[in-house]
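S.K.: sharing a model that was predicted from the sequence below.
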Amino acid sequence: MKPCPFCDVSANNGFNIIYEDELFVAFLDRKPAAEHHIQLVPKQHIASVKSLRRQDVELVRSMKTIGDKILDGLGVLPSLRIMGFHISPFNSVNHLHLHLHGLPYKPLRQTKYRISSGFGPFQKGFGWFIEAEQAVRSLENGRHISVFPF
């Protein structure tokens, strides 16, 4: 089995690290989809956003807070920020990672990060990307995160 590349994030392993603390590390995306594109990962291996449960709400909130600080430092206005997770099987690495985007998107790249609005009791509609705030609300309501709204 191939080792998880996000479990060994370091400059020595070719990552351009821009933030690190005892729990998280953030690095520049190798194929940026937006003017600013950063990945924020927990150092502890967590397979994906689908494996999160209600008890993980604070983890996601912490990631969003760190993401806001990073984007603040880059001068990205709140109205030009997208922070979210791909939902497997539509993620490229099976290690939880929050995409931090400072818009605009590069041509033809926005479709990979389409946000589907929720309806009724659901925080999101059908889609393979969920914003951090949608994830928090879903988890708070005891819902599992998936491509489907339910």
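M.R.: Done, it's in. Numbers count the residues shown, from 1 in each chain.

S.K.: how near is Lys112 to Gln44?
M.R.: Lys112 is 26 Å from Gln44, where distance means Cβ to Cβ, to the nearest Å. C-beta here means a position set from N, CA and C on the backbone, and glycine is covered the same way.

S.K.: in which helix or strand would I find Lys64?
M.R.: helix 57-73 (DSSP states H and E).

S.K.: ok, then the element right after that helix?
M.R.: strand 81-86.

S.K.: may I have the beta-bridge partners of the residue most central in space within the chain?
M.R.: With the centre of the chain defined as its mean C-alpha position, the nearest residue by Cα atoms, centre = their mean is Leu98, 1.8 Å away. When bridges are assigned using DSSP bridges, the partners listed for Leu98 are Leu40.

S.K.: my understanding was that it contacts Ser62; is that so?
M.R.: No: proximity of Leu98 to Ser62 does not meet the contact threshold set by Cβ atoms under 8 Å, at 10.1 Å.

S.K.: kindly check the end-to-end length of stretch 40-55 for me.
M.R.: Terminal residues of stretch 40-55 are spaced 20 Å apart (Cα to Cα, to the nearest Å).

S.K.: any idea where the strands of the protein begin and end?
M.R.: 17-20, 24-28, 34-42, 81-86, 98-105, 117-119, 122-124, 129-131 (DSSP state E).
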